[in-house]
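1. pasting the sequence and the predicted coordinates here, then a few questions.
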Amino acid sequence: MKLVVIGGVTGGASTAARVRRLDPNAEIVLFERGRDVSFSNCALPYRLSDVVKSSDSLILMDPVDFKERHNIEVKTRHEVTKIDRKNKTVSVKNLNTGKERKVKYDKLMLAPGASPILPKSIKGIDSPHVFTVRNVEDIERLKAYIDMEGISDVAIVGGGFIGIEVAENIAEAGKKVRLIEGMPQILAPFDDDMVQMLHKELLDNGVELYLSHTVKEIAKAHVVAENDGKKVKVPAQAVVMAVGVMPETKLARDAGLEIGETGCIKVNHNYQTSDPDIYAVGDAVEIYNALAHKPGKLALAGPAQRQARQAADHMYGIHNDNKGYIGSSCLKVFSMNAASTGLNERAAAAAGYNYDSVLLYPNDHVGVIPGSNYVAFKLVFEVPSGKILGAQSISRGEAVKRADVIATMITMGGTLEDLKELELCYSPIYGTAKDIVNMAALVGLNILYESFKQVHVSEVRGLVEKKAFILDVREPGEYKAGHIKSSVNIPLSQLWERMKEIPKNKTIYIHCRSGQRSYYALKYLAGHGYKDLYNVSGGFLGISYYEYFRDQTEGRKPILDKYNFR
């Protein structure tokens with residue numbers, strides 16, 4: 001068999017390597033338009049801060065490596081310009097010489113990836129100080145520019161994963177960074193009540209945020225951004241565009257291959273296109289969202305590698321079970337570690353689920369062991385089945401492994417009952433005897449089975465405005481360090497003797513630091529005849545994070561006398 005692969009990096013290179021393992025006699029040739037065929041694209045932003053010491057470190061394999069290790073012919077700076085399906089050939093242009101030739105194939109793999117979006121509506125988008133981040137050459141150009149004398153202000157346009165990682169690393173390199181995002185928040189996989197932790201972390205590290213702002217013009221020393229008709233000049237001697245990517249489908253379209261409803265190349269269960277001899281994987285293909293139950297697209301390296309393996313296997317008659325994707329991702333934002341998996345609340349609503357969620361702040365390991373940190377952990381589940389739909393996890397400590405556990409549960413069709421009983425490794429160094437994910441399941445089951453009622457942190461301001469009775473059961477010192485202005489402080493340790501101060505003819509909303517003591521208080525009050533009781537999910541930590549960023553940026557009247565993030 002002769003396999004021709006269009007595009008390198010994760011999808012293309014992984015396909016070629018898998019085919020070689022399956023068939024030592026296959027003739028394999030890979031054409032890559034760029035300079036480098038195999039590099040760590042997820043590590044690109046870390047070159048900007050010198051966490052990655054040299055650009056050469058980003059390159060994983062070169063054409064010589066492919067030939068010597070795998071007997072795979074790799075041609076960089078070669079662009080495939082046309083697919084002739086009838087004659088099973090591709091037209092290839094050598095970008096160094098300009099010469100073109102035709103190459104025959106038995107099977108063809110498309111792994112063209114996706115290119116950064118550069119909106120032509122933005123005046124000045126083609127300016128020489130405007131950059132994108134797609135490959136090693138891009139990052140070399142950007143780093144050389146920001147390292148020049150006199151470059152102090154950098155604007156990042158787009159608050160997705162690339163935008164945040166680039167912002168962090170340029171800030172770590174000593175530049176003043178301003179991030180402009182068209183939506184009211186960064187990082188769409190995180191819900192509004194969770195992402196506020198990351199907004200604060202960016203602000204605390206000197207990154208200015210311009211949320212709900214769209215870029216209208218890029219000038220020599222500033223960017224013009226607009227919010228609700230008001231324009232602002234954002235200082236910028238360099239601009240990085242990270243507003244998203246567009247799947248590269250031109251070759252497929254020109255060849256008459258079917259394009260899916262998402263605008264990506266449509267593929268079947270085995271990653272075959274509408275032509276059975278042509279496969280496609282990676283950022284350019286439409287794949288199945290296993291939770292939303294509809295086609296979607298996903299620009300992540302892990303899924304692309306699995307797609308490449310499955311496609312290569314199918315070429316040799318090997319069956320693979322394609323379950324679609326659930327969408328799991330993580331990133332570092334300065335000292336915060338953040339991860340998400342499955343559906344957040346917005347996505348669950350869009351998919352038509354009846355759902356609820358719980359928000360907790362337990363410690364990542366036993367508190368007496370140095371280095372313990374609380375983890376903001378949110379679990380989204382279906383009502384009434386208890387099926388786990390998604391999770392988000394943020395902490396200065398170990399947040400990612402908790403999202404990994406939930407990703408596994410989702411993949412296996414797990415429920416809150418399953419998660420409650422999940423047996424995990426335990427040592428005081430690494431966790432708690434009842435792990436964060438077990439705790440979340442128990443709280444979720446209490447909500448699901450109506451053991452108690454809750455309100456979310458997003459509802460607290462409305463309660464204050466309605467003059468609701470809010471009971472704070474933290475200790476006096478905690479209350480003094482920050483509280484809701486209209487709340488009543490009766491510590492849990494004094495609840496028995498002061499219970500008569502709590503009216504029975506009102507709805508009582510109870511909170512503590514994180515939700516645990518307030519749950520105890522709620523159960524005690526319920527046992528003494530109180531009927532209309534609600535626990536505030538996330539407690540004062542969640543309320544502080546939720547209120548802080550808006551108070552700082554919107555100039556609204558604070559409902560807290562002080563914030564407390566400890």
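-> Yes, it's here. Numbers count the residues shown, from 1 in each chain.
2. ok, residues contacting the helix or strand of the chain with the lowest mean pLDDT?
-> Least confident element among the helices and strands of the chain, by mean pLDDT, DSSP states H and E: strand 38-39 (a mean of 90). Applying CB atoms under 8 Å, 6 or more residues apart in numbering, the external contacts of strand 38-39 come out as 8-9, 13, 58-62, 65-66, 135-136. In this view, the C-beta of every residue, glycine as well, is placed from N, C-alpha and C.
3. restricted to strands, list those residues.
-> Using DSSP state E, the members of the contacts of strand 38-39 that fall in strands are 59-61.
4. quick one, phi/psi of Arg517?
-> Arg517 adopts backbone torsions of phi -70, psi -30, taken as degrees, to the nearest 10.
5. how many neighbours does it have?
-> 20 (other CB atoms under 10 Å).
6. what of the one 10 residues further on?
-> By other CB under 10 Å, 8 other residues sit near Gly527.
7. give me the distance between it and Met499.
-> Distance of Gly527 to Met499, given as CB to CB, to the nearest Å: 11 Å.
8. about what we covered before: can you flag the buried ones in the ones in strands among the contacts of strand 38-39?
-> The neighbour-count test (16 or more other CB atoms under 10 Å) marks 59, 61 as buried among those.
9. closest to Met148 among the ones in strands among the contacts of strand 38-39?
-> Ile59 (24.1 Å; CB to CB).
10. right, and that closest one touches Asn41 too?
-> No. In this structure, Ile59 is not within contact of Asn41 by CB atoms under 8 Å, at 10.9 Å.
11. Gly282 touches Gly113, doesn't it?
-> Yes. Between Gly282 and Gly113 there is a contact under CB under 8 Å: 5.8 Å.
12. neighbour count for the two, which is higher?
-> Gly282 (33 against 25).
13. mind listing the strands the least confident helix or strand of the chain pairs with, and their directions?
-> strand 59-61 (antiparallel) (DSSP bridges).
14. in three-state terms, label Lys378 for me.
-> Three-state assignment for Lys378 (DSSP: H, G, I helix; E, B strand; the rest coil): strand.
15. residues near Gly444, how many?
-> Count around Gly444 with other CB under 10 Å applied: 25.
16. test my guess that it contacts Glu382.
-> No. Assessed by CB under 8 Å, Gly444 is found out of contact with Glu382, at 10.5 Å.
17. if we can go back for a sec, can you pull the residues that touch both of Gly282 and Gly113?
-> 7, 9, 11.
18. least confident pick among the residues you listed?
-> Within those, Val9 has the lowest pLDDT, namely 88.
19. residue contacts, it?
-> 37-39, 41, 111, 113, 282.
20. alpha carbons only: can I get the helix or strand containing Ala339 in PDB?
-> Assigned by DSSP states H and E, Ala339 falls within strand 336-342. Only the C-alpha atoms of strand 336-342 are listed here, as PDB (Å, rounded to 0.1, in the frame of the first residue of the first chain):
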ATOM      1  CA  MET A 336      -3.600  28.500  39.400                       C
ATOM      2  CA  ASN A 337      -4.100  25.100  37.900                       C
ATOM      3  CA  ALA A 338      -7.400  24.700  36.000                       C
ATOM      4  CA  ALA A 339      -9.200  21.800  34.400                       C
ATOM      5  CA  SER A 340     -12.500  21.000  32.900                       C
ATOM      6  CA  THR A 341     -14.200  18.000  31.400                       C
ATOM      7  CA  GLY A 342     -17.600  17.200  29.800                       C
END
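21. that strand: how far from the chain's middle?
-> Mean-position distance between strand 336-342 and its chain equals 6 Å (CA atoms, centre = their mean, to the nearest Å).
22. so which bits of that strand are buried?
-> Neighbour counts over strand 336-342 (16+ other CB under 10 Å) mark 336-342 as buried.
23. repeat that for stretch 205-221.
-> So for stretch 205-221, counting by 16+ other CB under 10 Å, buried means 205, 207, 209-211, 213-215, 218.
24. what's the answer for stretch 484-495, then?
-> Neighbour-count burial for stretch 484-495 [16+ other CB under 10 Å]: 484, 487-492, 495.
25. give me the mean pLDDT for that stretch.
-> Mean predicted confidence for stretch 484-495 is 97.
26. end to end on that stretch, go ahead and measure it.
-> Stretch 484-495 has its terminal residues 19 Å apart, counting by CA to CA, to the nearest Å.
27. and for stretch 33-50?
-> End to end - CA to CA - stretch 33-50 spans 27 Å.
28. next one: that stretch to chain centre, how far?
-> Stretch 33-50 has its average C-alpha position 19 Å from the chain's average C-alpha position, going by CA atoms, centre = their mean.
29. ok, stretch 31-39 next?
-> Its chain's C-alpha centre and that of stretch 31-39 lie 26 Å apart, by CA atoms, centre = their mean.
30. so which strand or helix has Arg69?
-> Here Arg69 is assigned to helix 63-70, by DSSP H and E.
31. buried sites along that helix?
-> Going by neighbour count (16+ other CB under 10 Å), the buried part of helix 63-70 is 63, 66, 70.
32. can you show me the helices along the stretch 401-550 of the chain?
-> With DSSP state H, counting those that start in this stretch as the criterion, the stretch 401-550 of the chain has helices at 416-420, 436-448, 460-465, 476-480, 495-498, 516-527, 539-554.
33. nope, the stretch 201-350 of the chain is what I meant
-> Along the stretch 201-350 of the chain, the stretches classed as helices by DSSP H, counting those that start in this stretch are 250-254, 301-315, 345-350.
34. next up, the contacts around the nearest residue to Leu118 once chain neighbours are set aside.
-> Using CB to CB, 6 or more residues apart in numbering and skipping the chain neighbours, the partner closest in space to Leu118 is Ile125 (5.4 Å). Ile125 makes contact with 118-119, 218, 241, according to CB under 8 Å, 6+ apart.
35. ok, Tyr519 next?
-> Tyr519 makes contact with 443, 446, 452, 535, according to CB under 8 Å, 6+ apart.
36. same deal with Val136?
-> Val136 neighbours (CB under 8 Å, 6+ apart): 35-36, 39, 44, 55, 58-59.
37. apply 6 Å and report the result again.
-> With contact set as CB atoms under 6 Å, 6 or more residues apart in numbering, Val136 has these partners: 36, 39, 55, 58.
38. kindly report the same for Asn205.
-> Neighbouring residues of Asn205 by CB under 6 Å, 6+ apart: Phe334.
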